[in-house]
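*Asks:* using only what follows, build the 3D model:
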Amino acid sequence: RRLAAKPATTLLDVFRQHVRLRPRHPLLLFQEQVLTFEDAERLSNRAAWALRRHAGLRGGGQTVAVFLPNEPAYLWTWLALAKLGCAMACLNCNVRGRALRHALEAAEATVMLASPGERGQWGFGVTKATVMLASPGERGQR
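*Replies:* Residues are numbered from 1 along each chain as shown. Okay, the predicted model is just below:
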């Protein structure tokens, strides 16, 4: 029924509804860290602002390659890209070499997002920019 609605209800719509109804409820437990819906909303808004300002993302069919490990930053990155209207090409962070090159070329991404540990490992593929994302605890390590 939700998909038949005009416009269709998206996961972003459902997330925003949860933010409104239960902002302080836990959304994600990662190791010892608990993120609430409100936390994810704030972090994804910050990420969307930074991606718009520093990577020039405006949505409208832009594809962004995301090369992040399974960590909380993946969630708010996905939400930020959804808020900007960008398609997300999810790249397996364990893939390297020809397989990674193929995935990047197939995605036709203009921007690649990667964690700081992946800095400078490619030299091919993304033509516009590579934006490095840090989790809140990594800011002082850069």
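
*Asks:* any regions of the protein where pLDDT drops low?
*Replies:* Scanning the chain with the threshold set as pLDDT under 70 gives 1-3, 5, 116-142.

*Asks:* where do the strands sit along it?
*Replies:* 26-30, 33-36, 63-67, 87-90, 111-114, 129-132 (DSSP state E).

*Asks:* partner strands of the fifth one and their direction?
*Replies:* Based on DSSP bridges, the pairing partners of strand 111-114 within the sheet are strand 63-67 (parallel), strand 129-132 (parallel).

*Asks:* again with the first one
*Replies:* Here strand 26-30 has these sheet partners by DSSP bridges: strand 33-36 (antiparallel).

*Asks:* can you get me a residue count around the nearest residue to D39 once chain neighbours are set aside?
*Replies:* Spatial nearest neighbour of D39, chain neighbours left out: L27 (7.4 Å); criterion: C-beta to C-beta, 6 or more residues apart in numbering. Bear in mind the C-beta positions are built from the backbone N, C-alpha and C, glycine included. Per other C-beta atoms under 10 Å, the neighbour tally for L27 reads 19.

*Asks:* now do the contacts for the most centrally placed residue in the chain.
*Replies:* Relative to the mean C-alpha position of the chain, the nearest C-alpha, by C-alpha atoms, centre = their mean, is the one of T77, at 2.2 Å. When contacts are counted by C-beta atoms under 8 Å, 6 or more residues apart in numbering, T77 touches 44, 47, 66, 68, 113, 133.

*Asks:* quick one, what contacts R16?
*Replies:* E41 are the contacts of R16 under C-beta under 8 Å, 6+ apart.

*Asks:* that older thread, R98 versus the residue nearest to D39, what's the distance?
*Replies:* 37 Å (C-beta to C-beta, to the nearest Å).

*Asks:* cool, L11 as well?
*Replies:* Taken as C-beta to C-beta, the span from L11 to R98 is 32 Å.

*Asks:* now for the longest helix along the chain, which elements pack on it?
*Replies:* Determined from DSSP state H, the single longest helix within the chain is helix 37-54. Where contact means 3 or more C-beta pairs under 8 Å, 6 or more residues apart in numbering; DSSP states H and E, helix 37-54 is packed against helix 11-21, strand 26-30, helix 72-84, strand 129-132.
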